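Q: model the following, please.
(4 chains, ligands or ions: 4)
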2 protein chains.
Amino acid sequence: MVTSTEENYLKAIYNLNLDRNGKGLGTNELADYLQITPATACQMLKKLKKKGLISYKKYGGIALNDSGREVAILVFRKHRLWETFLYVKLEFTWDEIHEVAEQLEHIKSKKLVDQLDKLLDYPEYDPHGDPIPKANGVSRTAFKKTLFNAELGKTYKIVAVKDSSSVFLQYATEIGIGIDVEILTKSRRDFDGFMEIEIGGVIRTISPKVAENVYVD
Amino acid sequence: MVTSTEENYLKAIYNLNLDRNGKGLGTNELADYLQITPATACQMLKKLKKKGLISYKKYGGIALNDSGREVAILVFRKHRLWETFLYVKLEFTWDEIHEVAEQLEHIKSKKLVDQLDKLLDYPEYDPHGDPIPKANGVSRTAFKKTLFNAELGKTYKIVAVKDSSSVFLQYATEIGIGIDVEILTKSRRDFDGFMEIEIGGVIRTISPKVAENVYVD
DNA sequence: AAAAATATTTATACAAATCTAATAATAAGA
DNA sequence: TCTTATTATTAGATTTGTATAAATATTTTT
Ligand SMILES: [Mn+2]
Ligand SMILES: [Mn+2]
Ligand SMILES: [Mn+2]
Ligand SMILES: [Mn+2]
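A: Ligands and ions are numbered 1, 2, ... in the order given. Next up is the predicted model:
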């Protein structure tokens, strides 16, 4: 049996092992991400290793092995399918879905997930633009280009958001940020990275923190 | 916070306090029902009392108070709505739904429940014939007449089942028992209570244990 | 090699849920 | 009423899961 907490650790390890150039994942970084102490992380790592879900060597060598990756991907699949369900079928807004999906992602039933997928007609992306893994574990590659790294003077389409907390999403909605919305980059201030953008005819100044959390294409 | 275990205790107390003639509910009976020791039940009762969910006096005086009943009814509501959802929307069979609903019933989100209710178009009964409480806690009264207590030589309609374990439901399905199915009572053997019935043109002999788990109208 | 960063162990804690065994209280029957 | 059987409660312990602080160990960096 894999507990909910263990599943959350596996998700975290998966996420932290994305977009890092060769640099391995260490105890401190994982602990920081999960808001626990390194000692706690270390104990759980020992447990996960014993269960055959991860492998790791000291100093930056935490990685999922095949069975751990399988669990993590299934949890992402469940999480994103539930989010899509809440959004599409139950009239939830995109800032409400993540929290409930955090609970639903831990429900154990293979049939439930696959039938949910079918009911939703096999969606490719969730309401935040994250790719939904298929039953076989395969999924589209996630979007990478953020608004922060976008070229100036060009029109982009918002395809996803990185942060899915309700605080961020409520603010994002307020300033017109949403999936498939067109956005024009106007300028970026060298001094502090604040950007001027145009969404729906309105010109706004956004912080680099916001810009980094918006994926465009 | 009410834990899943506590919710399950409240459900049990609710159920055990139905159809009993004045006789109060005691620790031993509750413990027996939940497959735990009386000592364990006793501790939990103390805890539930402290939380203001139940009241009780020694020797058969365990009862839900208003807030405990509210919690129990909400859990039943969630359980039965989820069962209906699994059955109607996700192609589950009626012997598969209970187990998954045992997990789903503990998910915390008011909006989720109420929207689910709406999606299913406010169903009155779940796939086992149990009434689904409304958001305000009110529900139809449950069916009471079992096949065991039915008159002989009459045609009835099956309206609900008492046991919702997959073992029972798989057997029930096998012999043609299902909601809204017509059934003719033919005879009852005095010696051991076995009954002869006719379902879908087929005559069968069923045990009193089975007959007691089928509600008719 | 020393200092700094990082990782791990040890010892401790807490919450939640359960058990066994001993004890207490009450109900029921002789 | 007195005794016995039933029922309930307490005390003490255990298990599981998760977490911490402080001490120790190891590796990396300077
Ligand atoms: Mn999410
Ligand atoms: Mn989670
Ligand atoms: Mn059920
Ligand atoms: Mn339950």
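
Q: output the below-cut-off pLDDT ranges for chain A.
A: Chain A contains no residues with pLDDT under 70.

Q: please enumerate the helices of it.
A: Here chain A has its helices, by DSSP state H, at A:4-16, A:27-34, A:38-50, A:66-89, A:97-104, A:110-119, A:166-174, A:208-212.

Q: can I get the last one as CSV, trimmed to CA atoms?
A: It refers to helix A:208-212. C-alpha atoms of helix A:208-212 as CSV (Å, rounded to 0.1, in the frame of the first residue of the first chain):
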residue,chain,number,x,y,z
PRO,A,208,8.2,38.9,-13.2
LYS,A,209,6.8,36.4,-10.7
VAL,A,210,3.5,36.5,-12.6
ALA,A,211,5.2,36.4,-16.0
GLU,A,212,7.1,33.3,-14.9
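
Q: if we can go back for a sec, for chain B, find the nearest of the helices of chain A.
A: helix A:110-119 (3.8 Å; C-beta to the nearest C-beta). Just so you know, the C-beta spots here come from the backbone N, C-alpha and C atoms, and that holds for glycine as well.

Q: residues contacting A:G52?
A: By C-beta atoms under 8 Å, 6 or more residues apart in numbering or on different chains, the contact set of A:G52 is A:N65, A:S67, A:G68.

Q: run a quick neighbour tally on the last one.
A: The burial count assigned to A:G68 is 23, neighbours taken as other C-beta atoms under 10 Å in any protein chain shown.

Q: now do the contacts for the spatially closest residue to A:L86 that is not a sequence neighbour.
A: Closest residue in space to A:L86, ignoring its immediate chain neighbours: A:F92 at 4.0 Å, by C-beta to C-beta, 6 or more residues apart in numbering or on different chains. By C-beta under 8 Å, 6+ apart, the residues touching A:F92 are A:L86, A:V100, B:K111, B:Q115.

Q: show me which pair in those is furthest apart.
A: Using C-beta to C-beta, those reach their maximum pairwise distance at A:V100 and B:Q115, which is 10.5 Å.

Q: who has more neighbours out of these two?
A: A:V100 (20 against 16).

Q: any idea how far ligand 1 is from the closest residue to the more buried one other than its chain neighbours?
A: Nearest residue to A:V100 in three dimensions, chain neighbours excluded: B:S109, at 4.8 Å (C-beta to C-beta, 6+ apart). Distance, B:S109 to ligand 1, by C-beta to the ion, to the nearest Å: 14 Å.

Q: from memory B:S109 sits against A:Q103, does it?
A: Yes - using C-beta atoms under 8 Å as the test, B:S109 is close enough to A:Q103 to be in contact (7.5 Å).

Q: need the contact list for whatever residue of chain A ends up closest to ligand 1.
A: Nearest residue of chain A to ligand 1, counting by C-beta to the ion: A:H98, 3.7 Å away. A:H98 is in contact with A:E83, A:H128, A:S164, A:S165, A:S166, counting by C-beta under 8 Å, 6+ apart.

Q: need the residues of chain A near ligand 2, please.
A: A:N8, A:E102 (C-beta under 5 Å from the ion).

Q: got phi/psi on the most centrally placed residue in chain A?
A: Centroid check for chain A by C-alpha atoms, centre = their mean gives A:K162 as the closest residue, at 5.7 Å. The phi/psi pair for A:K162 (degrees, to the nearest 10) reads phi -90, psi -50.

Q: gap between it and DNA strand C?
A: Using C-beta to the nearest atom of the strand, to the nearest Å, A:K162 is found at 24 Å from DNA strand C.

Q: thanks again, I'm all set now.
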